[in-house]
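Asker: Have a look at this prediction, sequence included:
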Amino acid sequence: MMLRSFARAAINGVAVALPEQTLSNETMTADADDRTRALLLRHTGVVCRHVAAEGETALDLGEVACRKLFVAHPDLAERVDTLIFCTQSPDYILPPNSCVLHGRLGLRDGREGPAGERRRLDGVRGDQGGTSEQGQEAHRRPGPQRPPA
């Protein structure tokens with residue numbers, strides 16, 4: 001396994017995308033007594049939750065957030081070296097959401113960097129790593145996925 005140095009890594013911007021639909025504590029606890037409602041608010045600090053629409057996934061919301069960043073920073077898409085997508089609800093087991101998002105966004109892969117240095121965009125999801133090339137290849141192949149011999 002090749003280790004990469006992230007000595008020059010930086011977060012240059014942050015964007016958020018939340019589902020439009022919300023669910024309030026009042027709606028959720030309509031049948032509960034006042035004490036239960038107060039306990040819920042005190043222990044969670046949550047007044048309202050965003051709820052994904054039917055068919056809306058973490059990957060969709062990630063794409064919306066990335067596109068917001070690209071509008072705010074037009075040159076950002078060309079400068080992305082690593083895409084990390086962390087979620088409790090991935091759309092697929094393989095390929096990871098980061099690899100699918102890489103493809104949806106049309107990010108570069110395998111282009112030359114400064115001084116002719118070959119660069120590859122890595123896509124990583126939580127504890128499961130892999131390059132966007134591996135994920136896209138796995139997504140294209142029909143049938144069960146087997147590691148190369």
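Answerer: Perfect, thanks for sending it. Numbers count the residues shown, from 1 in each chain.
Asker: contacts, neighbours, all on C-alpha from now
Answerer: Noted.
Asker: what about this protein, any weak spots by pLDDT?
Answerer: Applying pLDDT under 70 to the chain flags the ranges 1-7, 110-149.
Asker: can you list the domain ranges for it.
Answerer: 22-51, 58-140 (automatic domain parsing).
Asker: ok, and for the helix or strand containing T27, which residues are buried?
Answerer: Assessed by DSSP states H and E, T27 sits inside helix 25-28. Within helix 25-28, the residues that qualify as buried are N25, counting by 16 or more other C-alpha atoms under 10 Å.
Asker: ok, back up a step: pick the most deeply packed of the domains of the chain.
Answerer: domain 58-140 (a mean of 16; mean count of other C-alpha atoms under 10 Å).
Asker: Show me what the helix holding T27 is packed against.
Answerer: helix 34-44 (3 or more C-alpha pairs under 8 Å, 6 or more residues apart in numbering; DSSP states H and E).
Asker: mind listing what D91 touches?
Answerer: D91 is in contact with T57, A58, L59, N97, counting by C-alpha atoms under 8 Å, 6 or more residues apart in numbering.
Asker: at 10 Å instead, please
Answerer: Counting by C-alpha atoms under 10 Å, 6 or more residues apart in numbering, D91 touches T57, A58, L59, D60, N97, V100.
Asker: what about the helices in this protein?
Answerer: Secondary structure of the chain by DSSP state H: the helices cover 25-28, 34-44, 58-72, 76-79, 97-105, 132-140.
Asker: on that earlier part again, now distance to L39 too, for the contacts of D91, in JSON lines please.
Answerer: JSON lines is the format used below for the contacts of D91 (distance: C-alpha to C-alpha, whole Å):
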{"residue": "T57", "distance to L39": "30"}
{"residue": "A58", "distance to L39": "29"}
{"residue": "L59", "distance to L39": "33"}
{"residue": "D60", "distance to L39": "33"}
{"residue": "N97", "distance to L39": "36"}
{"residue": "V100", "distance to L39": "41"}
